[in-house]
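Visitor: return a 3D structure for these sequence lines:
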Amino acid sequence: MVTIDWKFEAPKIFKAICKEKTKNKEKTKNKENQENKEINVNETHYQFEIERIKDVSTKREYLDIKMKVDGNDNEKVSVEPSNIAQGLLSLREYGIMFSDDNSRIKLARCIEQNYQQIAVSVQTESNNKIANARFGVFLGAIGEYVRAAEDQRKSGLSYVLVADFDAIALDCGYQPFEINGLRNLLKDKGYIHTTDKRNTLIIRLRGKVTRVIGFKDEKMVAGNYYGKLDDKTTDSKKAAQGE
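Guide: Numbers count the residues shown, from 1 in each chain. The predicted structure is shown next:
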């Protein structure tokens with residue numbers, strides 16, 4: 001049997017004590033001397049430090065959950081407030097394995113009931129997650145994509161399919177709910193071309209109407225994320241596309 005007790009300790013600290021107990025029967029030749037023994041085979045202390053993160057550009061929130069196991073730092077995961085119980089499944093990736101879904105749901109409810117007491121950290125340009133090293137890694141990955149798809153470059157823009165953009169962002173460590181903020185940051189820093197207040201463009205690519213994100217070659221080349229196309233290469237690409 002596994003019993004888990006949750007205790008709300010402070011505005012953003014949750015503690016869990018997981019005690020796993022098994023009942024073993026001591027086998028003896030004399031059945032009359034048999035007795036049941038309850039043995040504590042494992043006792044693990046989980047501690048969760050919760051922080052609300054509000055994105056200044058989108059006004060959306062998510063939760064940063066920092067985990068400790070027996071007092072030792074484990075890892076940190078990000079969870080959307082709209083479905084905390086589902087988001088807590090990601091704890092399994094770091095060895096936080098509950099014995100049943102009820103325990104996970106119980107923790108989620110504890111967080112929800114005390115949500116307004118959890119400290120809020122507002123992301124600004126200086127401390128925003130998408131303004132840290134991941135941003136440079138992401139631009140480098142976009143550069144690799146463009147170098148492999150030079151037929152998607154024309155008129156000073158390099159087009160990245162929206163689905164490919166999202167996949168690259170996720171691969172670089174962004175959470176799904178951070179992608180809109182990433183696009184806004186790219187727009188604010190002048191990396192992408194936008195129209196009608198939209199961060200995406202609709203173009204005809206390889207004969208099909210396609211939604212893309214247009215990276216400005218001048219900005220990307222200046223950052224050495226990829227090289228400038230020479231005139232001959234540019235003309236050949238346009239001819240290949242029937243332009």
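
Visitor: now stretch 45-53, how far from the chain's geometric center?
Guide: 16 Å (Cα atoms, centre = their mean, to the nearest Å).

Visitor: distance between the ends of stretch 89-98?
Guide: End-to-end distance for stretch 89-98: 9 Å, by Cα to Cα, to the nearest Å.

Visitor: pLDDT of it, averaged?
Guide: What stretch 89-98 shows for mean pLDDT is 82.

Visitor: okay, buried residues for that stretch please.
Guide: Of the residues in stretch 89-98, 91, 96, 98 count as buried by neighbour count, 16 or more other Cβ atoms under 10 Å. Any C-beta I mention is one placed from the backbone N, CA and C, and that applies to glycine too.

Visitor: mind checking how far Ala133 is from Glu218?
Guide: Distance, Ala133 to Glu218, using Cβ to Cβ, to the nearest Å: 24 Å.

Visitor: same deal with Val120?
Guide: Taken as Cβ to Cβ, the span from Val120 to Glu218 is 39 Å.

Visitor: got it, and Ile111?
Guide: 46 Å.

Visitor: what about the two, which has more around it?
Guide: Taking other Cβ atoms under 10 Å, Ile111 and Glu218 do not tie; Ile111 has more neighbours (23 against 12).

Visitor: quick check: phi and psi at the more buried one.
Guide: The phi and psi values for Ile111, taken as degrees, to the nearest 10, are phi -60, psi -50.

Visitor: isn't it right next to Leu63, touching?
Guide: Yes. Using Cβ atoms under 8 Å, Ile111 is in contact with Leu63, at 7.4 Å.

Visitor: list residues touching both of those two?
Guide: Taking Cβ atoms under 8 Å, 6 or more residues apart in numbering as the contact rule, Ile111 and Leu63 both touch 50, 84, 118.

Visitor: now those residues: which count as buried?
Guide: Using 16+ other Cβ under 10 Å, the buried members of the shared contacts of Ile111 and Leu63 are 50, 84, 118.

Visitor: gap between the last one and Gln86?
Guide: Read it as Ile118. Taking Cβ to Cβ, one finds Ile118 at 19 Å from Gln86.

Visitor: swap in Glu93?
Guide: Using Cβ to Cβ, Glu93 is found at 14 Å from Gln86.

Visitor: who touches the residue sitting nearest the centre point of the chain in this structure?
Guide: The residue lying closest to the centre of the chain (Cα atoms, centre = their mean) is Gln175, at 2.5 Å. Contact analysis of Gln175 by Cβ under 8 Å, 6+ apart lists 62, 78.
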